[in-house]
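> Could you look at this predicted model? Sequence included:
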Amino acid sequence: MAEEHDHTFEEADAGASLTYPLQCSALRKNGFVLLKGRPCKIVDMSTSKTGKHGHAKVNLVGIDIFTGKKYEDMSPSTHNMEVPNVRRTEYTLLDIDDGYLSLMTSDGDTKDDIRKPADPLGAEIEAAFEEGKEIIVTIIQAMDEEACIAWKEAPQS
């Protein structure tokens, strides 16, 4: 009898999913959502009432968190939309080499796969780094993409 419940599940990743479903009516401005397959920050949303047998529709406007491109989408308020799992991590900047940031992780390893952001942010980071300041950068991660979105000077210990 017990052999009926003996299943083997193959799993290719760590099990953390890239997105999770959320009912459209539960989305909020400044939250995140997937619009046309891209992770976006919601900058505007409005609800429209429809005909007597229709559903209320939610009109979403979002800005891609990596490219800055604007996306719009419409969905019935009762439907689920995919929300990207977005993580923010801070790293200490060790070096800027050939357009990439060399960062120190919390466990002391280096991470060298983040591109220096486009100007003016990249120029600010580089200028502060050249002045010899200790810099902490904020990396945002979603949908298997990562980008540097901010920096600050490390507090002097």
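That came through fine.
> Assign a three-state SS to residue 125, would you?
helix (DSSP: H, G, I helix; E, B strand; the rest coil).
> Could I get the full set of strands for this protein?
19-23, 32-35, 38-48, 57-64, 70-76, 80-84, 87-97, 100-104, 110-115, 135-142, 145-153 (DSSP state E).
> partner residues bridging residue 135?
Legend: beta-bridge partners of residue 135 under DSSP bridges are residue 153.
> Wait, it touches residue 93, no?
Yes: using Cβ atoms under 8 Å, residue 135 makes contact with residue 93 at a distance of 4.1 Å. For the C-beta atoms, the positions are set from N, CA and C on the backbone; glycine is no exception.
> any shared contact partners between the two?
Shared contacts of residue 135 and residue 93 (Cβ atoms under 8 Å, 6 or more residues apart in numbering): 125, 129, 151.
> Which member of those is positioned nearest residue 97?
Ranked by distance to residue 97 (Cβ to Cβ), the shared contacts of residue 135 and residue 93 are led by residue 129 at 11.2 Å.
> Low-confidence regions, this protein specifically.
Residue ranges of the chain with pLDDT under 70: 1-16, 51, 157.
> Outline the domain layout of it.
Domain assignment for the chain by automatic domain parsing gives 19-84, 87-153.
> Can I get these in CSV including mean neighbour count?
Output for the domains of the chain, formatted as CSV (neighbours: other Cβ atoms under 10 Å):
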stretch, mean neighbour count
domain 19-84, 15
domain 87-153, 14
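> I figured residue 141 was touching residue 89, is that so?
Yes: proximity of residue 141 to residue 89 meets the contact threshold set by Cβ under 8 Å, at 6.8 Å.
> Touching both of the two, which residues are there?
Joint contacts of residue 141 and residue 89 (Cβ under 8 Å, 6+ apart) do not exist.
> Thanks a lot, see you next time.
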